[in-house]
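Visitor: based on what follows, work out the 3D shape:
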Amino acid sequence: MKIGTFVMGGLAGAAIVMMIQRNQTMSAIASTVGHNMKQRMNDMKDDAIEKAFNMKFASSFKRETDKDRHSASSSFSSSKSSSHGEGLDEVQKLISQDPEASDEINSILEENGQHRI
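Guide: Residues are numbered from 1 along each chain as shown. Purely as a prediction, here's the structure:
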């Protein structure tokens, strides 16, 4: 770059700054634009840092947590359905062994409007 071009750019920049400082409207506009640019740059920096931390540290933790959740929910649903069936089998065994329990359960079911066992 030639020195003359550098000096001309410096003089043009200084002239623009002088115009902005003397005109209140231009000064307010420049201040607002500067503030908005600063805010956006800070937001972009924060987003980049957050993404970097999430990718580096949390990605393996997230994968393990998702895997644990999936296995826990599938085992819970399968154990729930099997234990529900086993519970009814146990109730029917108790009913068949004790006639008083059978009468009591039937009276409760009739009060609730359900079928007898």
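Visitor: how far away is residue 92 from residue 111?
Guide: To residue 111, residue 92 is 20 Å away according to Cβ to Cβ, to the nearest Å. In short, each C-beta sits where N, CA and C put it, glycine included.
Visitor: residue 4 too?
Guide: 103 Å.
Visitor: next: residue 24.
Guide: Residue 24 is 85 Å from residue 111, by Cβ to Cβ.
Visitor: re earlier: which one's more surrounded, residue 92 and residue 111?
Guide: Neighbour count, other Cβ atoms under 10 Å: between residue 92 and residue 111, residue 92 has more, with 13 against 8.
Visitor: what ranges in the chain fall below the confidence cut-off?
Guide: Filtered on pLDDT under 70, the chain yields the residue ranges 1, 56-87, 114-117.
Visitor: what about 80?
Guide: Low-confidence segments of the chain, defined by pLDDT under 80: 1, 53-95, 98-99, 101-102, 105, 109, 112-117.
Visitor: tell me where it has helices.
Guide: Taking DSSP state H as the criterion, the chain carries its helices at 3-22, 24-53, 59-97, 99-111.
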